[in-house]
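>>> structure, please.
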Amino acid sequence: MPIRDLVVAIIMTVFLIVGVYQFYFFTQNHMIKKPKQIDMKIDRLFKFTGWWVWLYSGLYYPMIVLIVLTLDDMKHYNYTAMSFFLLLFMQMVFFRYYPVETPPEWRDFGESNTLSVRFMKFVQSYDDNTNCFPSMHVSVATLVALHMWSNVGDVVGYYPFAFPVIIALSALWTKQHYVVDVIAGVPLGWLAWKAYEIGIN
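This is a model prediction of the structure:
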């Protein structure tokens with residue numbers, strides 16, 4: 001991609017990320033039903049481990065922006081962006097009509113005041129405990145990995161698929177999601193990818 005287009009695409013991506021979260025917050029405030037909690041024994045295996053928050057948020061957004069560096073031109077950029085918009089729409093359907101929330105006690109850090117905990121509290125100050133199912137972090141990370149693999153897989157191989165695995169683990173160890181949320185996020189990201197493939201071809 002020409003450097004001028006690349007700069008424009010990166011700026012647009014940053015603004016789109018901010019804009020997308022307005023829709024995310026809209027669903028938090030306009031749920032059709034009362035959110036449910038999921039009680040599964042497997043979730044009890046994951047105890048809050050603060051340092052994972054740096055991957056949960058610190059790695060997540062740069063990787064989304066990094067996709068721009070792997071695109072050929074603005075047409076490629078537009079179709080890629082549309083795949084993420086489609087994913088957002090699918091997520092919103094679940095968030096509005098099948099709302100799920102994590103238990104309030106998952107956000108109780110006791111007397112701990114480490115840097116990781118303070119950052120976690122900052123993240124949670126604008127990200128409510130609803131909008132859990134499917135995990136948007138995991139679905140987006142899956143879609144990011146598929147785009148990266150398609151664009152530069154001949155250079156980096158299958159390494160992009162480590163990204164959704166890391167994000168999935170961080171979502172569990174930060175107690176931001178249930179295991180079932182993480183699992184459900186993968187096929188949703190894949191569906192958005194298949195729609196992209198149909199459109200671009």
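>>> CA only for contacts and neighbour counts going forward, please
Noted.
>>> contacts only, for the spatially most central residue of the chain.
In the chain, the C-alpha nearest the mean C-alpha coordinate belongs to residue 137, at 1.9 Å (Cα atoms, centre = their mean). Contacts were defined as Cα atoms under 8 Å, 6 or more residues apart in numbering; by that measure residue 137 touches 60, 167-168, 171, 185.
>>> among those, find the lowest-pLDDT one for me.
Within the contacts of residue 137, residue 60 has the lowest pLDDT, namely 91.
>>> and for that one, the neighbour number?
20 (other Cα atoms under 10 Å).
>>> one more: residue 11?
Count around residue 11 with other Cα under 10 Å applied: 12.
>>> any idea where the helices of the chain begin and end?
3-29, 53-56, 60-66, 74-97, 115-126, 136-156, 162-173, 179-200 (DSSP state H).
>>> closest to residue 38 out of the ones you listed?
Smallest distance to residue 38 across the helices of the chain (Cα to Cα): 8.7 Å, for helix 179-200.
>>> can I get the helices of the chain in TSV with distance to residue 37?
Below are the helices of the chain laid out as TSV (distance: least, Cα to Cα, whole Å):
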stretch	distance to residue 37
helix 3-29	15
helix 53-56	22
helix 60-66	25
helix 74-97	13
helix 115-126	18
helix 136-156	17
helix 162-173	15
helix 179-200	11
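>>> how about the ones you listed, which one is nearest residue 46?
With respect to residue 46, and counting by Cα to Cα, the nearest of those is helix 162-173 at 5.6 Å.
>>> packing partners for the closest one?
On a contact count with 3 or more Cα pairs under 8 Å, 6 or more residues apart in numbering; DSSP states H and E, helix 162-173 meets helix 53-56, helix 136-156, helix 179-200.
>>> rerun that using 10 Å as the cut-off
Judged by 3 or more Cα pairs under 10 Å, 6 or more residues apart in numbering; DSSP states H and E, helix 162-173 is in contact with helix 53-56, helix 60-66, helix 136-156, helix 179-200.
>>> and the last one, what's buried?
Of the residues in helix 179-200, 179-193, 196 count as buried by neighbour count, 16 or more other Cα atoms under 10 Å.
>>> from the contact counts, what lies against the worst-scoring helix or strand of the chain on mean pLDDT?
Ranked by mean pLDDT, DSSP states H and E, the weakest helix or strand in the chain is helix 3-29, scoring a mean of 88. Under the contact definition 3+ Cα pairs under 10 Å, 6+ apart, helix 3-29 sits against helix 60-66, helix 74-97.
>>> that one: how far from the chain's middle?
Centroid separation between helix 3-29 and its chain, computed with Cα atoms, centre = their mean, to the nearest Å, is 13 Å.
>>> what's the angle from that helix to helix 74-97?
Angular relation of helix 3-29 and helix 74-97 on a 0 to 180 degree scale: 10 degrees, by axes from the mean of the first three to the mean of the last three Cα atoms, to 10 degrees.
>>> follow-up on the earlier one: quick one: which of the helices of the chain is nearest residue 40?
Closest to residue 40 of the helices of the chain is helix 179-200 (Cα to Cα; 8.6 Å).
>>> who does the closest one touch, helix- and strand-wise?
Using 3+ Cα pairs under 10 Å, 6+ apart, the elements in contact with helix 179-200 are helix 74-97, helix 136-156, helix 162-173.
>>> perfect, I'm done here.
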